[in-house]
Structures are given as C-alpha cells and as structure tokens.
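Student: Everything below, folded, please.
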Amino acid sequence: ALNLYDETEVLRLAAEALEAAPATVAAPAGIPTIFYGFADMNALQRRFALALCHGAPEGQQCGPLPAAFFVPAEPDTPACEFAQPFIDWLESREFTRAETGPTRRRPLEALGKSLFSRESLPAPPVKTALKLIAAPSESREAWELSREFFYSDAASPPDARGEIGLLLPGGDKYPDLFREIFRGIGAEAQFGNAGPLAATLAGRLFLSMIELKPQSYPRRGLMRFLDECRFSKSPLFLNEILQAEDENDPPSVDLASKWEYITRPLPYVSSESEWRAALGSQAFNKIKKNHPEAEIFKKSLENIFATFNDLPENGLPSLHAQAAIEAFKSLTAVSDEFDKALDAISDLAKLDPILGDIDAAEFRLWARAALEGKDALPPRTKSRVRVMSLQEARGLSFSSVVIPGMAEGVFPARGAEDPLLPDSLRALLNKSLATDGEMPLLPLKSTRMAEERFLFWSALQAAECGATLGYPRGGKGAGDEAETPPSLFLEYLVDACLP
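Tutor: Got it, this is the predicted structure:
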C-alpha cells in the first residue's frame, strides 16, 4: 500500500490519534496550549483543536489555563462580524470569554470601531495616521508607496524607526512588483512567502542545467549558466581542469565573462558537434593566440559534455534525481542555501513505485513541478520591512502599515457566485454532509466580503503609528486603460471620518 493522504485525511487521522490517547501529547504542567490569530475554523480543524485541548472543559478557562484561543476581534464592532460565529462556538464549548486589548491606544482604533457602521467618528483620526497615495498603475503605485515609507523612515531618528508591515491583497502581481523595486534600489525586505524554489538561484540554476543538453547548448544559455553557477570555483573545474594547468600561471577568476567575450565571434552553434567544430576552427585558433583562457574553455566544455552525457536517458525517478544532483554539485560552487532545492529533487525518489521507469524528458517535467510546488525559506536576516499577505498579518503589530490595491476588484476582490455550485447548494451540502468533526465546510461566496472587511480592520489595527493606503486609479482612456473606481472600503473610510 502506498498510504497516500491529502491534508484533510492527515488532519482527521491526527484528531483521531489525539482523541484515542490524549495523554501521549499532554503538555507539561503549567504550560498552556495557545491558538493565536484564528478567527474561524472548519469542522475538522475545530475537532482537532478540541482534541489538542484534551477535551477537558474544566481545563479550558482563560485563567491559569492549559488551553486558550486568542481571537483578534473586538466585540460590538461591525468589521468583526466574521469572527463572531467562531467566538460563539468557543463559548458553546465552555471556553470563558476574557477581553484583552493592546498595551496602548492606537491611532486608528476608533476608526476601526466605526468602520462599516452607520455611526461616524466622534473626531477624525490624526492627519499623519492615515494617508492615501493614488497612482496611474499598479507598478507606479508600488514605486510611490516604497518611496513614501523609505523616505519617511529616513527622516525619522534611528531609535524611532519601527517595523513596517507591507500587507498585500490576493494575487501574484504585487509580490513581484515589490521584489523588483527592492532589488533595484538595494533595499532589504523580508517576504513572508519567499516564492517557489524554482525562482531561487539554486532552483533556476538546476532547471537551466537540465535544459542545456535538450536545447543543444545555446551559447547565451551556456555562458549565463557558467557565470551564475561560478563554474571556475566548482569541483569539476578545480579538480579536473585546473590541475592540468600551469600552477605558476593560474587562470583568472573572472573566466566566465572572458569566455563569453571570446566566443562572440563564433558562428551560431546548436549542438555538441557544432561546438566542437567551432572550437577546432581556424578562427578559434587565432583567438587562442591572444587569449590563453580559450584553451581552458575548450577543455572545460569537453568535461561539461561528458558530465551531461553520463545522465541517464531512462530509469526510475530516484536514478534521474541522484545523477542530476551529482552533476549539479560537480558543476557549481554549491552553498548551503542550495540544500532545500536539492532536497526537493531528492524527494522525487518517492515517485518510484508510482511512476516506474521514466525518460529524461519526463524527469525534467517532474523536476520543474517539484521546484515550483515548494516555497523557499524566507531569508534568515531580519529586515525592518516585512512583506506578507493580509491573511498572514492577522494578530501582528507594526509601527506602520502599508496596504496597496485599494481599487474596485482588487481589495476587496471581485467575487462571483459559482454557477455550478451556488451558495444555496453549498449550504445544503454543508448541512447534510459536514457532521461535527468530519468534513470541512464548503466556503460560501457570500461570506467573502465579511472576511475581507475583517482583514481590512485587522490591518488598520495592526498600525501602532499610522497606515498608508495605495490606490491604482488607472488612466484616462477607455477599455483596459480606463480609470478604475476606488475600493468600496475607501468609501467606508470616508463615511466613518465625516462628522
């Protein structure tokens, strides 16, 4: 048996194990079990949480407790209606409510209380506590927001500079935009999701390496790979090629750029044989007279060809993975940062009993899927700018908060009723199938707005000093270039601030 499980099945099995033997996972005396930042749970998650609390109602008080839920919501606040059903469920399980709050008042606390209600603020927030920046496009909006918080940061004394939370709405556009901006200006930022392994240096190099031979070793791709992988520091170069050279006249460490330069006059090559013909031509022999590193390139290329020719054409995924990893380690100056990408490739061995023998082309597809399907670890160095989704930021605090995408259809996202599974049918299925502690509930599209109201409220309350909102208004043309209406949430903000 392969014993394959999805996430739901794993959670169900864990809940069953906890219910069968709660003492085996009991926390030491005096150490509580804490659930922080949850505003909702499906039926299976609730079952697992109760099992983790050992199912002991008398131990679920919020005093000296062995278990507690910290729900980031405020009672009698319209924006927090999304969390109320979960709070009601906790109280039905004999958890005792105890109100807590921030250690000091926050500038947008009153605004959050009036948001999405018919009541207006008794007094508008301090002008510096809430800013709105409009720009003609998402890319310009991201640039202006970055300039705003970096400029404000530089103008503050060092001891007054707190952590900046850049909280992004859904979608892939904003993370890539801000990554590009930070990389361009040399600014450090800590992304909550560092992106897939395929986008890291190790992932890109590995995918480039396994595509070189199928693509017939294109000059540009080959030169870029040799440069980025630091081939002149690799085991293959140091142990096989450099040993044969004159030790009194070692080659330059900047070989990759020199090789790129001396191979420019060569004709277009599209195969291993054409590379050999070009490197044995009279034109290349002339180049060697003025550039001694040309001969080193020729020897290096022969060793690279031999390495790729040793890769299997057919075999189990584990055979392909092991051979490709060994080739990668021999061709690159491997660092510890490459470990996770190589571990993802090693994990393809688990597919041996499922796939059996596969060819090299199919292995390349699986390798790409493995690197695109796993996220890279965030950088170990902590930055004062933390970039994460609105979901990930629930329950956190920042000195200042930045929220882009305050436009119609971006945040809140434009939700449409599922024509094949409308809310009415989802509700019936939830009622008939989702017995307590079993199937997770199907999400209702009608609750999407309530959840996004809650996320917006949470983001504003996370700001200890103030928040800056971005509005990509679009252009003045028609069609795709037409001006985008502002987010409905901006209108609610105006309503709350008006006397």
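
Student: which parts of stretch 70-80 are buried?
Tutor: The neighbour-count criterion (16 or more other CB atoms under 10 Å) identifies 71-74, 77-80 as the buried residues of stretch 70-80. C-beta: built from backbone N, CA, C; applies to glycine.

Student: Straight-line length of it, end to end?
Tutor: Separation of the first and last residues of stretch 70-80 by CA to CA, to the nearest Å is 14 Å.

Student: Could you dump the buried residues of stretch 70-80 into CSV with pLDDT, secondary structure and distance to Ser92 added?
Tutor: Shown next, in CSV, are these (pLDDT from 0 to 100; DSSP: H, G, I helix; E, B strand; the rest coil; distance: CB to CB, whole Å):
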residue, pLDDT, secondary structure, distance to Ser92
Val71, 91, coil, 14
Pro72, 89, coil, 20
Ala73, 90, coil, 17
Glu74, 87, coil, 20
Thr77, 89, coil, 21
Pro78, 90, helix, 23
Ala79, 91, helix, 23
Cys80, 91, helix, 18
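
Student: and which of those residues is nearest to Phe116?
Tutor: Proximity to Phe116 was ranked across the buried residues of stretch 70-80 by CB to CB; first place goes to Pro78, at 4.2 Å.

Student: my read: that closest one touches Ala450, true?
Tutor: No: taking contacts as CB atoms under 8 Å, Pro78 lies outside contact range of Ala450: 9.8 Å.

Student: Just the C-alpha atoms of stretch 383-391, please, in PDB.
Tutor: The C-alpha atoms that make up stretch 383-391 are tabulated as PDB, following Å, rounded to 0.1, in the frame of the first residue of the first chain:
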ATOM      1  CA  SER A 383      14.600  43.200   7.900                       C
ATOM      2  CA  ARG A 384      12.500  46.100   9.200                       C
ATOM      3  CA  VAL A 385      10.200  45.800   6.100                       C
ATOM      4  CA  ARG A 386       8.100  42.700   6.300                       C
ATOM      5  CA  VAL A 387       6.000  41.800   3.300                       C
ATOM      6  CA  MET A 388       3.100  39.400   3.700                       C
ATOM      7  CA  SER A 389      -0.500  38.800   2.800                       C
ATOM      8  CA  LEU A 390      -3.300  40.400   4.800                       C
ATOM      9  CA  GLN A 391      -4.200  36.800   5.900                       C
END
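
Student: distance between that stretch and the chain's centre?
Tutor: Computed by CA atoms, centre = their mean, to the nearest Å, the separation of stretch 383-391 from the middle of its chain amounts to 11 Å.

Student: contacts for it?
Tutor: Applying CB atoms under 8 Å, 6 or more residues apart in numbering, the external contacts of stretch 383-391 come out as 149, 153, 161-170, 175, 178, 182, 187-193, 398, 403, 411, 455-456, 458-459.

Student: Surely Pro72 touches Arg394?
Tutor: Yes: counting by CB under 8 Å, Pro72 touches Arg394, with 5.5 Å between them.

Student: Name the residues contacting each of the two.
Tutor: Among the neighbours of Pro72, those also in contact with Arg394 (CB under 8 Å, 6+ apart) are 37, 39, 458.

Student: The first one: what's its closest spatial neighbour, skipping adjacent residues?
Tutor: In other words, Gly37. By the measure of CB to CB, 6 or more residues apart in numbering, the closest residue to Gly37 outside its immediate chain neighbours is Gly395, 3.6 Å from it.

Student: secondary structure class for that neighbour?
Tutor: Going by DSSP: H, G, I helix; E, B strand; the rest coil, the secondary structure assigned to Gly395 is coil.

Student: element containing Leu371?
Tutor: Of the helices and strands defined by DSSP states H and E, Leu371 is found in helix 360-372.

Student: Check which residues of the worst-scoring helix or strand of the chain on mean pLDDT are buried.
Tutor: Among the helices and strands of the chain, helix 423-433 carries the lowest confidence by mean pLDDT, DSSP states H and E, at a mean of 75. Of the residues in helix 423-433, those buried by neighbour count under the rule 16+ other CB under 10 Å are 426, 430.

Student: And stretch 449-468, by the same measure?
Tutor: Of the residues in stretch 449-468, those buried (16+ other CB under 10 Å) are 450-468.

Student: Give me the subset of the residues you listed that lies in strands.
Tutor: Cross-referencing the buried residues of stretch 449-468 against strands under DSSP state E gives 463-468.

Student: Could you find which two of the residues you listed are furthest from each other?
Tutor: Maximum distance among these (CB to CB): 13.5 Å, for Glu464 and Thr468.

Student: ok, back up a step: quick one: which of the shared contacts of Pro72 and Arg394 is nearest Ser432?
Tutor: Within the set of the shared contacts of Pro72 and Arg394, Ala39 lies nearest Ser432; the separation is 25.9 Å, counting by CB to CB.

Student: contacting residues for the residue nearest to that closest one when sequence neighbours are not counted?
Tutor: Distances taken as CB to CB, 6+ apart put Ala83 closest to Ala39, at 4.0 Å, once the chain neighbours are dropped. Contact criterion CB under 8 Å, 6+ apart gives 39-40, 71-73, 454 as the residues in contact with Ala83.

Student: And Ala83, its phi and psi?
Tutor: Backbone torsions for Ala83, taken as degrees, to the nearest 10, come to phi -90, psi -10.

Student: Can you tell me the SS state at Glu260?
Tutor: helix.

Student: Identify the residues contacting it.
Tutor: If a contact means CB under 8 Å, 6+ apart, then Glu260 has 223, 227 as its contacts.

Student: could we number from 57 for the rest of this?
Tutor: Yep, numbering from 57; the last one is Glu316 now.

Student: Look up how far Met279 lies from it.
Tutor: The span separating Glu316 from Met279 equals 4 Å under the rule CB to CB, to the nearest Å.

Student: And for Glu147?
Tutor: Computed as CB to CB, the Glu147 to Met279 distance reads 66 Å.

Student: Which of the two has more residues huddled nearby?
Tutor: Counting neighbours by other CB atoms under 10 Å for Glu147 and for Met279 shows that Met279 has the greater number, 17 against 11.

Student: doesn't Arg320 make contact with that one?
Tutor: No: counting by CB under 8 Å, Met279 stays clear of Arg320, with 9.7 Å between them.

Student: if we can go back for a sec, inside helices: which ones of the contacts of stretch 439-447?
Tutor: Assigned to helices by DSSP state H, the following of the contacts of stretch 439-447 qualify: 205, 209, 231, 234, 238, 511-512, 514-515.

Student: count of neighbours near Pro541?
Tutor: As a burial measure, the neighbour count of Pro541 was computed by other CB under 10 Å and equals 14.

Student: pretty sure it is touching Glu464, no?
Tutor: Yes: Pro541 is in contact with Glu464 according to CB under 8 Å; the separation is 4.3 Å.

Student: Need the overlap of contacts for the two.
Tutor: With the criterion set as CB under 8 Å, 6+ apart, the contacts of Pro541 and Glu464 do not overlap.

Student: for Leu188, helix, strand, or coil?
Tutor: Three states are possible here, and by three-state DSSP the one that applies to Leu188 is strand.

Student: Ala198 versus that one, what's the distance?
Tutor: As for Leu188, its distance to Ala198 is 15 Å (criterion: CB to CB).

Student: returning to that earlier point: for Ile381, state which of the buried residues of stretch 126-136 is nearest.
Tutor: Distances from the buried residues of stretch 126-136 to Ile381 were compared by CB to CB; the smallest belongs to Pro128, at 43.5 Å.

Student: about what we covered before: tell me, what's touching Glu520 and Thr524 both at once?
Tutor: Where contact means CB under 8 Å, 6+ apart, the residues bridging Glu520 and Thr524 through contact with each are Ser456.
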